[in-house]
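Participant: structure here, sequence nowhere to be found:
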């Protein structure tokens with residue numbers, strides 16, 4: 001039996017197409033998930049354009065933001081049944097004996113392998129999922145909402161887990177891509193005044209950020225950073241994926257402040273870190289997420305505390321993946337969602 005999948009088949013630019021692949025089978029510790037919705041990530045676009053800065057396997061099915069209905073349960077799986085509505089984490093492979101895994105920080109396990117890069121992802125009808133990374137969808141939670149849980153978890157970890165926001169803090173987010181807009185929304189939930197910074201062609205996504213109560217800035221945020229006491233912002237989130245943005249963050253942050261870097265970028269820095277030392281700034285990397293973050297974020301979305309509707313720019317059938325990719329890549333929308341057809 002065959003399945004249709006969005007496959008990245010080589011490192012060259014735009015080496016992605018819809019292909020027939022064998023329908024997935026499962027191991028005893030997995031369930032077979034019938035995919036209901038898949039969020040398109042900025043990393044999917046980077047792989048499509050050949051601009052990723054992480055290891056890849058070719059060919060590979062793209063997609064790591066997904067949810068669906070369990071259609072088959074492995075013989076060694078307990079607590080899950082056919083028909084359960086679930087959302088899945090991204091850590092397809094981990095080392096269970098890693099000290100980091102045993103600490104609950106399997107997202108940092110060097111042997112972790114995620115969906116959609118070196119493990120076949122979810123841009124298809126059926127995907128095998130280890131039972132250990134499943135989460136139940138609350139009643140009333142739509143699949144289109146659940147498919148956006150993963151980027152919300154990335155933002156939560158960058159802003160809540162790896163930063164130090166207090167109500168009334170002034171926070172600048174560099175980069176209005178999906179993660180940047182969600183980081184801004186999370187910072188607002190924490191009680192911060194937030195400015196999000198982009199370029200002229202980012203205006204549509206900056207307008208979305210305004211719906212979360214953020215100040216939108218084109219270009220230089222220095223005036224906003226300094227308008228209270230002239231010392232800079234309490235914190236800066238670098239969500240750009242451009243290494244030069246870290247230099248801007250070091251200019252914008254106040255002495256004793258913090259920078260949370262969540263954006264990936266392959267370019268060398270080519271600037272000094274002396275300002276980091278001189279200002280006594282905390283620079284924190286932020287990668288991925290783990291079980292308790294997912295449980296909390298699912299509740300935030302399901303209760304409406306975190307509204308993902310503003311970032312949802314449209315839903316496309318899987319067969320129109322390219323149109324969805326192009327629309328999101330153009331900056332006209334923040335997030336695209338794909339739905340496999342029956």
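Facilitator: Ah, there it is. Every value quoted in this text rests on a predicted model; they were computed, and no experiment measured them.

Participant: now the end-to-end length of stretch 271-290.
Facilitator: Distance across stretch 271-290, first residue to last, is 33 Å (Cα to Cα, to the nearest Å).

Participant: how far out from the middle of the chain is that stretch?
Facilitator: With Cα atoms, centre = their mean, to the nearest Å as the basis, stretch 271-290 stands 20 Å off its chain's centre.

Participant: contacts for that stretch?
Facilitator: 89-91, 104-108, 112, 114, 150, 153-154, 156-158, 161-164, 244, 246-247, 250-251, 253-262 (Cβ atoms under 8 Å, 6 or more residues apart in numbering). (Each C-beta comes from the backbone N, C-alpha and C, glycine too.)

Participant: okay, buried residues for that stretch please.
Facilitator: Neighbour-count burial for stretch 271-290 flags 276, 279, 281-284, 286, 288-290 (criterion: 16 or more other Cβ atoms under 10 Å).

Participant: nearest to residue 169, of the residues you listed?
Facilitator: Nearest to residue 169 among the buried residues of stretch 271-290 is residue 282, at 13.6 Å by Cβ to Cβ.

Participant: okay, and the beta partners of that closest one?
Facilitator: Following DSSP bridges, residue 282 is listed with bridge partners residue 258.

Participant: that one and residue 257, how far apart?
Facilitator: According to Cβ to Cβ, to the nearest Å, residue 282 stands 8 Å off from residue 257.

Participant: quick one, strands of the stretch 151-300 of the chain?
Facilitator: Along the stretch 151-300 of the chain, counting by DSSP state E, counting those that start in this stretch, strands occupy 170-174, 193-198, 215-218, 233-238, 253-261, 282-285.

Participant: which two of the buried residues of stretch 271-290 have the greatest separation?
Facilitator: Distance extremes for the buried residues of stretch 271-290: the farthest pair is 279 and 290 at 30.7 Å, using Cβ to Cβ.

Participant: quick one, phi/psi of the closest residue in space to residue 242 that isn't next to it in sequence?
Facilitator: Leaving aside its chain neighbours, residue 242 sits nearest to residue 265 (5.3 Å; criterion: Cβ to Cβ, 6 or more residues apart in numbering). Residue 265 adopts backbone torsions of phi -160, psi 130, taken as degrees, to the nearest 10.

Participant: burial check on residue 265, number of neighbours?
Facilitator: 17 (other Cβ atoms under 10 Å).

Participant: so what's it scoring on pLDDT?
Facilitator: On pLDDT, residue 265 comes in at 81.

Participant: my guess is it meets residue 247, correct?
Facilitator: No: look at residue 265 against residue 247 with Cβ atoms under 8 Å: they stay out of range, at 11.9 Å.

Participant: which residues does residue 338 contact?
Facilitator: Neighbouring residues of residue 338 by Cβ under 8 Å, 6+ apart: 6, 37-40, 63, 123, 315-318, 321, 324.

Participant: tell me the pLDDT at it?
Facilitator: Looking at residue 338, the pLDDT reads 98.

Participant: tell me the SS of it?
Facilitator: Secondary structure state of residue 338, per DSSP: H, G, I helix; E, B strand; the rest coil, is strand.

Participant: show me what contacts the closest residue in space to it that isn't next to it in sequence?
Facilitator: The shortest distance from residue 338 to any residue other than its chain neighbours is 4.6 Å, reached at residue 38 (Cβ to Cβ, 6+ apart). Shown in contact with residue 38 (Cβ under 8 Å, 6+ apart): 63, 65-66, 122-123, 147, 318, 337-340.

Participant: if we go to 7 Å?
Facilitator: 63, 65-66, 122-123, 147, 337-338 (Cβ atoms under 7 Å, 6 or more residues apart in numbering).

Participant: can I assume residue 19 sits in a strand?
Facilitator: Yes: counting by three-state DSSP, residue 19 falls inside a strand.

Participant: if we can go back for a sec, make CSV from the buried residues of stretch 271-290 and add distance to residue 16 and pLDDT to it.
Facilitator: Shown next, in CSV, are those (distance: Cβ to Cβ, whole Å; pLDDT from 0 to 100):
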residue, distance to residue 16, pLDDT
276, 38, 98
279, 43, 98
281, 39, 98
282, 39, 98
283, 34, 98
284, 33, 98
286, 28, 98
288, 23, 97
289, 26, 98
290, 29, 98
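
Participant: just to revisit the earlier point, and the residue nearest to residue 338, how far from residue 285?
Facilitator: Using Cβ to Cβ, we find residue 38 at a distance of 27 Å from residue 285.
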